[in-house]
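Novice: Model the structure of this input:
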Amino acid sequence: MLLGYAATLVALIIMDVVVSIRGLDSPAGVIIPIVYFGAAGGLGGLVRHTANYARIARERTEALEREQAHLTELAAAAERARIARELHDVISHSVSLMVLQAEAAREVLDTQPDRTAQTLDAIGDTGRRAIGDLRNLLGVLRSNDDAVPADLSALVEPVRRTGLNVDLIESGEPIPIPLRPAVYRIVQEALTNALKHAAASKVVVTVRHDAAGVTLEVLDDGPGVPEPAGGSGRGIAGMTERAQALGGTLSAQHLTPAGFRVLAQLPVRP
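Specialist: From the prediction side, this is the model:
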């Protein structure tokens, strides 16, 4: 386009010069066409440049809108995953406890009525605690875990009532607030797995806090049994996601000749 415009302009100049030399026209006849076509070409270039700039700006705006929509979808997916993980932890742990407690009450119903009453009370306490956790989760749906309880003793006590011997060993300073929900949920899920799948008689929960962070270990002595086909398979994955979200690590492995260990290391971030 520019080449054609230049060729036309050169041809006009040559024609005007020739006409002027032959005396058929005045010098103004040479200048006016040059100015006219020069102004027209400049105006056309300006319009074309403005149109290109508007197109580029529109394309950038559309790209930003698509990126923003994509980030919104990712944030929504992450929030749904967080809520699903919380629901899994609360429901799986509480229902497992209630089932085991109900089975224990059935075994001593006729021979030990006092123990049966205690077990039924424990079922009620577990159910009320689960309702409270679900109310906090579904009623608040915060972006953080402020509503998650952090008292490990209160978490361990109902498990002991099922007959499983649980030792809780804590050392160091109190767990930093940002790490408390993750520690609580990891211990909760590990105890649930020990109740449902490990066939263990004893579990040792060790929580060590130092300047670097928190080291958490849940160790049982069970031979382990295959997870039922109806299991979600999300227990260990959920614990791992919690640890990684805080910049930590988590490993879960069977021990020889028996036992299962969950080991998590959660760093304290500045």
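
Novice: I'd like the distance between Lys196 and Asp89.
Specialist: 13 Å (CB to CB, to the nearest Å). All C-beta spots, glycine's among them, are computed from the backbone N, C-alpha and C.

Novice: quick one, which of these two is more surrounded?
Specialist: Asp89 (24 against 19; other CB atoms under 10 Å).

Novice: Nearest the geometric middle of the protein, what residue?
Specialist: Ala78 (4.2 Å; CA atoms, centre = their mean).

Novice: Any idea how far the strand or helix carrying that residue is from the middle of the chain?
Specialist: For Ala78, the host element (DSSP states H and E) is helix 28-107. Helix 28-107 has its C-alpha centroid displaced from the chain centroid by 18 Å (CA atoms, centre = their mean, to the nearest Å).

Novice: got it, and stretch 120-136?
Specialist: The answer for stretch 120-136 is 27 Å, by CA atoms, centre = their mean.

Novice: before we move on, what about stretch 201-211?
Specialist: Averaging C-alpha positions (CA atoms, centre = their mean) puts stretch 201-211 26 Å from its chain's average.

Novice: List of residues touching that stretch?
Specialist: The contact list for stretch 201-211, computed with CB atoms under 8 Å, 6 or more residues apart in numbering, reads 152, 156, 159, 164-176, 183, 187, 190-191, 194, 214-222, 268.

Novice: and Ala211, that one's in a helix?
Specialist: No. Secondary structure of Ala211 (DSSP: H, G, I helix; E, B strand; the rest coil): coil, not part of a helix.

Novice: The nearest residue to Ile123 once chain neighbours are set aside: how many residues sit nearby?
Specialist: Leaving out its chain neighbours, the residue that sits closest to Ile123 by CB to CB, 6 or more residues apart in numbering is Gln101, at 4.8 Å. Neighbours of Gln101 under the rule other CB under 10 Å: 25.

Novice: Name all residues that make contact with Gln101.
Specialist: Applying CB under 8 Å, 6+ apart, we find Gln101 in contact with Thr119, Leu120, Ala122, Ile123, Thr126, Pro158, Arg161, Thr162.

Novice: Would you list the buried entries among these?
Specialist: Buried by 16 or more other CB atoms under 10 Å: Thr119, Ala122, Ile123, Thr126, Pro158, Arg161, Thr162, out of these.

Novice: how about low-confidence regions in the stretch 51-200 of the chain?
Specialist: By pLDDT under 70, the weakly predicted segments of the stretch 51-200 of the chain are 76, 79-80, 135-150.

Novice: let's see 90
Specialist: Residue ranges of the stretch 51-200 of the chain with pLDDT under 90: 51-164, 172-182, 184-185, 188-189, 191-200.

Novice: quick one: strands adjacent to whichever strand or helix holds Val205?
Specialist: In this assignment (DSSP H and E), Val205 forms part of strand 202-209. Each strand paired with strand 202-209, and its direction, by DSSP bridges: strand 165-171 (parallel), strand 213-220 (antiparallel).

Novice: Now do Val203 against Pro178, distance only.
Specialist: From Val203 to Pro178 the distance is 26 Å (CB to CB).

Novice: between the two, who's got more neighbours?
Specialist: Neighbour tally, Val203 and Pro178, criterion other CB under 10 Å: the higher count belongs to Val203, 27 against 13.

Novice: Could you check the pLDDT of that one?
Specialist: With respect to pLDDT, Val203 scores 93.

Novice: The one 3 residues further on too?
Specialist: In this prediction, Thr206 carries a pLDDT score of 95.

Novice: for Glu217, same thing?
Specialist: 95.

Novice: Can you spell out which residues form a bridge with it?
Specialist: Thr206, Leu263.

Novice: Now do it against Leu43, distance only.
Specialist: Glu217 is 78 Å from Leu43, by CB to CB.

Novice: So these two - more neighbours on which side?
Specialist: Using other CB under 10 Å as the criterion, Glu217 and Leu43 rank with Glu217 on top: 17 against 10.

Novice: how far away is the more buried one from Ala237?
Specialist: From Glu217 to Ala237 the distance is 19 Å (CB to CB).
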